[in-house]
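Asks: generate coordinates for the sequence data below:
(chains A and B)
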Amino acid sequence: MSDTEHGHRYTAELAGQIEKQWQDVWEEQGTFEAPNPTGPWADPQGVAEREKVMIQDMFPYPSGAGLHVGHPLGYIATDVYARYQRTQGKNVLYTLGYDAFGLPAEQYAVQTGQHPRKTTEDNMVNMRRQLRQLGLSHDMRRTFATIEPSYYKWTQWIFLQIFNAWYDEDAGKARPIDTLVEALESGRVATPDGRAWAELNATERAAAVNARRLAYKSDAPVNWSPGLGTVVANEEVTADGRTERGNFPVFKRNLPQWMMRITAYADRLVDDLERLDWPESIKLQQRNWIGRSNGASIRFDVENHEGAQLEVFTTRPDTIFGATFMVVAPEHPLVDTLVPDTWPEGTKDAWSGGATSPREAVDTYRREASRKSDLERQTGEKGKTGVFTGAFATNPVTGRRMPVFVADYVLMGYGTGAIMAVPAQDERDWDFAAAYDLDVIRTVQPSEGHPENKPFTGAGVAINSATSGLSLDGLGIEDAKVKIIEWLEANERGSGTTTYRLRDWLFSRQRYWGEPFPVVYDENGEAHALPESMLPVELPDVADYSPKTYDPEDAQSMPESPLSRASEWVSVELDLGDGRKTYTRETNTMPNWAGSCWYELRYADPANDERFVDTGCEEYWLGKGRGFGKGVANDPGGVDLYVGGAEHAVLHLLYARFWHKVLFDLGLISSEEPFRKLYNQGMVQAYAYRDGRGQPVPAAEVTEREVDGETVFEWQGERVTREYGKMGKSLKNVVTPDEMCDAFGADTFRVYEMSMGPLDASRPWETRAAVGSQRFLQRLWRNVVDEGSGEVTVTDAPMDDATKRALHQTIDAVSADFENLCFNTAVARLIELNNTLTKLDAVPREAAEALVLMTAPLAPHIGEELWKRLGHDTTLAFEPFPVADPAFLVQDTVVAVVQVAGKVRDRLDVAADISEADLEAAAMASERVQSFLEGKTVRKVIVRAPKLVNIVAN
RNA sequence: GCCCUCGUAGCCCAACGGCAGAGGCAGGCGACUUAAAAUCGCUGUGUUGCGGGUUCGACUCCCGUCGAGGGCACCA
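Replies: Modelled structure (predicted):
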């Protein structure tokens, strides 16, 4: 800066100095440390009678690439909000930890040949630096990383609570496992095979108990991804049968894995969504994922197979009169027993698939189906294929003979893997019936004009639905369902049922970089939970932490845990109550979701080494009816505001709710939900440019100009094409917060991020537009400080009336905007007020101080600096937010609009409290209005005093 | 295919069913400057994507349609 005349101008350089200085002050003084009511950090006096608010971001994964300008959007928003809440006298819990276990860390470590702990810790150092320079008001005492043994000790401890619990359907909640033993003893809960508890031996008893644990070992089909080298949960598999991370094929394999009985909570996870203040789209995604559907299970007799019944699930039992055939999944266990040796009488040509026997046809079809991956089965052309099994079932209502088909459009994993097909009211069944020459009987009256050649899936009354003793005819769908279910139950042919799409959560991974399970196996392979005293089970250092991966298509490969190679660690001598014995450790690790399933609880009391969270702290920060839950009926408790991306709709957010509910059931916490209010911030997107070969070119070097009225983009003189999407290294369009802080300062960066648009909207990044935010702060600075001398220039003279009104209207609007997370409009109003002050000869101190206080949540460093220069010697963090005086919000006179037939024809200055009659009279008296009314008859006059009159005339 | 969100000035975006424009970017004009940058001041005429409907009055509510983004997808 050679410009000595403006030696005190608010430049990026000066901003940088101020920012660094205030960040140091906040850290030294512990400005943002929030007192706790109880526990190791008890400070009841600090808590006193203040209201609390807990604000939380979805914590980041510390990636090697560092942050780009999109990442801090949510953090800045929560920081502005947290700072605003402090000015409302609230005790604010606001901090940020690191989700530091997981696949990417391990992959990055493998790539760079370093230990994951080393790379993860390095990345966290870098990320802490990046976040610190933004001036986020985190309580730094409360930060932690999920990889710290002092944290994952409690992750393991919670696993043990879940392992040592079962879901008591009668009580509608999880209970400790010893109550299961009582229930089994008393016969209230049946043993797996129905025998009395007293008749079971020790092994059988253990198995009976294990079968009901909330965390259990199962050998069911799981998603095995050879290319990734691990199994993954259903939630981590995309619709086309690939892993969400890495995009590798997934194969169903029976493998012994740990599962979490999240299905026990299906109803509560759906129902309690109504108690949450969450975006509807996220609630909808959770509802869809859980997929609760009500219907009936119905048992069908099979001809020539005494006792063999085919059980189906249907949501439309009311259409049973229209069921003309049945379909079972290729994997259905009954298929083998159903298939006869020869084609029975009545087999149509289309049914046999050209095979000489049902056995041959079914075997061929099943073989082909099994060769298809899930991908092919689901995304292949929607034409229905299948083959007749040679068996007939009997419709229990009509007595009709119904051929039984095998077809892969029925999935073994949903319902019972078998359906009654009702082509008239189901598109899939219609397509199949059309392809295989099967009968269609309409049993719901289609709406008028419904095409003959299409199934009718809408609402209507039942037709063709009567036999002797039962008639649904004339009933609507819901009534018909009730009646048929009554009939089915009375005749023991079926019953009303609810099914879910949700499956239990696959909870083990063949990875190194995760929480070890607190589980060992004895010589019989029996799993034993370790006692709390042996926690944490620390992750051993190993030479080779890389997962064993295979050819992505090698479905027959076997997963191998990296920890299984740590033989010294795996074999361990312990006394678990039966004397010292050698045990084998579980070598799988927990999925990276585990650490984020309960971190909100730990934030409340992170120093506690006696308990995962002190009960008083949990109740204070997350308890029901507190914070934003105050006065809310049926409030479930939880974090007051949780901000993060929408991509975690059914993964993290579902898992965390599940764990929270288990902990609640076991009486360990008082809140029923982890996150009371959820807000999804939008994505910062960016333009990327490619050259003629399709290679991305550095976006920052691309120039733009007009050619023949068309905008063209060029890089090094060459035309390039523009596309719009995410910011990423490979697209060469990354802008980092570091660059922004260097070029403009952190406060400008923060204001720009907040001013770009509504927080929940995605928006394109445009670095050069940030100068607008810089100009705002420069003008604010200049309204207080003389650029040449550095002297404070505000005047102590009273404000004029117009300024006073402008100030109080801004206060009123900005408080509401902050309250509602509308930071873009808050910035606009602050700029407006600032521009108003700029036009004055001298800025009144009262206005300047209020403006500084209002701007400070957005731009805290310049706020503190100006506050100090204005003569205050303590932080403004806890200064009360300015309060609007209603006296200055109302205008004495307002401009009333007079419309004739909806078009504005005149404007009148009228008193703000003018009566409707007076306003109407004034409007009618207007000459301009009269000129428009000439030759017309006034039909009606609408008066909305004091702002509007609309005269309807023709 | 179904569901959700969103379409306003060249761009990003405001606007309790009541005057289409708060704020910013870009552009234009002017001031300052030997000049340029920076800075400061001034500067907004548009099919509110399109077509219907409700209403005295529609960017706003309803129906249809087109486009963009996201989610689900043979779930019985």
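
Asks: strands of the stretch 101-250 of chain A, start to end?
Replies: For the stretch 101-250 of chain A, the strands defined by DSSP state E, counting those that start in this stretch occupy A:165-168, A:173-176, A:215-218, A:221-225, A:230-232.

Asks: tell me which parts of the stretch 751-900 of chain A are close to RNA strand B?
Replies: A:755-758, A:761-764, A:766, A:768-769, A:771-776, A:778-779, A:824-825, A:827-829, A:831-832, A:835, A:838-839, A:895, A:897, A:899 (Cβ under 7 Å from any atom of the strand). C-beta: built from backbone N, CA, C; applies to glycine.

Asks: among those, name the ones in strands.
Replies: Under the assignment DSSP state E, those contribute A:R763, A:P764, A:V895, A:V897, A:Q899 to strands.

Asks: buried ones only from the residues you listed, please, as a ChimeraX command.
Replies: The buried residues among those can be selected in ChimeraX (16 or more other Cβ atoms under 10 Å) with this line:
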select /A:763,897,899
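
Asks: and the least confident of the ones in strands among the residues of the stretch 751-900 of chain A next to RNA strand B?
Replies: Minimum pLDDT across these is recorded for A:V895, with 78.

Asks: nearest spatial neighbour of it, skipping sequence neighbours?
Replies: Leaving aside its sequence neighbours, A:V895 sits nearest to A:R907 (Cβ to Cβ, 6 or more residues apart in numbering; 5.2 Å).

Asks: distance of the one you found from RNA strand B?
Replies: A:R907 is 6 Å from RNA strand B, where distance means Cβ to the nearest atom of the strand, to the nearest Å.

Asks: which helix or strand contains that residue?
Replies: Assessed by DSSP states H and E, A:R907 sits inside strand A:903-911.

Asks: can you show me the CA trace of that strand as CSV?
Replies: Extracted as CSV, the C-alpha positions of strand A:903-911 are listed here (Å, rounded to 0.1, in the frame of the first residue of the first chain):
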residue,chain,number,x,y,z
LYS,A,903,-54.6,-1.1,-12.2
VAL,A,904,-52.8,1.6,-10.2
ARG,A,905,-54.2,5.0,-11.2
ASP,A,906,-53.2,7.2,-8.4
ARG,A,907,-51.2,7.5,-5.2
LEU,A,908,-52.4,9.4,-2.1
ASP,A,909,-50.5,10.6,1.0
VAL,A,910,-52.8,9.7,3.8
ALA,A,911,-52.5,9.4,7.6
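
Asks: buried residues, it. List them.
Replies: Buried residues in strand A:903-911, counted by 16+ other Cβ under 10 Å: A:R905, A:D906, A:L908, A:V910.

Asks: one more: stretch A:650-669?
Replies: A:650-666, A:668-669.

Asks: same check on stretch A:412-427?
Replies: Judged by neighbour count (16+ other Cβ under 10 Å), stretch A:412-427 contains these buried residues: A:412, A:414-426.

Asks: what of stretch A:761-769?
Replies: With burial defined by 16+ other Cβ under 10 Å, the residues of stretch A:761-769 counted as buried are A:R763, A:W765, A:T767.

Asks: which residue does the stretch 401-550 of chain A bring closest to RNA strand B?
Replies: Nearest to RNA strand B, among the residues of the stretch 401-550 of chain A, is A:G415, at 3.2 Å (Cβ to the nearest atom of the strand).

Asks: break chain A down into its domains, please.
Replies: A:1-30+A:766-880, A:31-147+A:594-680, A:293-499, A:891-953 (automatic domain parsing).

Asks: average pLDDT for the first one, rounded please.
Replies: Mean pLDDT, computed over domain A:1-30+A:766-880, is 92.

Asks: look up the residues forming beta bridges with A:S571.
Replies: Bridge pairing for A:S571 (DSSP bridges) gives the partners A:T584.

Asks: let me see the contact set for it.
Replies: A:S571 sits next to A:T582, A:Y583, A:T584, A:R585 when contact means Cβ atoms under 8 Å, 6 or more residues apart in numbering.

Asks: what is the nearest of the residues you listed to RNA strand B?
Replies: Nearest to RNA strand B among the contacts of A:S571 is A:R585, at 34.8 Å by Cβ to the nearest atom of the strand.

Asks: verify the stated contact: the closest one with A:V520.
Replies: Yes: look at A:R585 against A:V520 with Cβ atoms under 8 Å: they come within range, at 5.3 Å.

Asks: need the residues touching each of those two.
Replies: Common neighbours of A:R585 and A:V520 (Cβ under 8 Å, 6+ apart) are A:V572.

Asks: sorry, back to before: how about the nearest residue to the residue of the stretch 401-550 of chain A closest to RNA strand B, chain neighbours excluded?
Replies: Using Cβ to Cβ, 6+ apart, the nearest residue to A:G415 is A:F313, at 3.4 Å.

Asks: how far away is the one you found from A:L269?
Replies: 20 Å (Cβ to Cβ, to the nearest Å).

Asks: same deal with A:L180?
Replies: Applying Cβ to Cβ, one obtains 22 Å for the distance of A:L180 from A:L269.

Asks: about what we covered before: what about the buried residues of stretch A:412-427, which are in helices?
Replies: Of these, none are assigned to helices by DSSP state H.

Asks: so of the residues you listed, which ones are in strands?
Replies: A:A418, A:I419, A:M420, A:A421.

Asks: of those, which pair is most distant in space?
Replies: Farthest-apart pair in these is A:A418 and A:A421; separation 10.1 Å (Cβ to Cβ).

Asks: which residues do these two both contact?
Replies: Common contacts of A:A418 and A:A421 (Cβ under 8 Å, 6+ apart): A:M326, A:V327.

Asks: of all the strands of the stretch 101-250 of chain A, which one comes closest to A:L93?
Replies: Closest to A:L93 of the strands of the stretch 101-250 of chain A, according to Cβ to Cβ: strand A:173-176, at 27.4 Å.

Asks: how much space separates the closest residue to RNA strand B within chain A from A:A847?
Replies: Per Cβ to the nearest atom of the strand, A:G772 is where chain A lies closest to RNA strand B, at 2.3 Å. Counting by Cβ to Cβ, the gap from A:G772 to A:A847 is 22 Å.

Asks: go on, A:H138?
Replies: Separation of A:H138 from A:A847 (Cβ to Cβ) stands at 31 Å.

Asks: same thing with A:Y500?
Replies: Taking Cβ to Cβ, one finds A:Y500 at 60 Å from A:A847.

Asks: compare the two (neighbour count), which wins?
Replies: A:A847 (24 against 17; other Cβ atoms under 10 Å).

Asks: pretty sure that one is touching A:L807, no?
Replies: Yes: between A:A847 and A:L807 there is a contact under Cβ under 8 Å: 5.2 Å.

Asks: and for those two, which residues touch both?
Replies: Residues touching both A:A847 and A:L807 (Cβ under 8 Å, 6+ apart) are A:M799, A:L833.

Asks: near RNA strand B, which residues of the stretch 451-600 of chain A?
Replies: So the stretch 451-600 of chain A meets RNA strand B at A:T499, A:R501 (Cβ under 7 Å from any atom of the strand).
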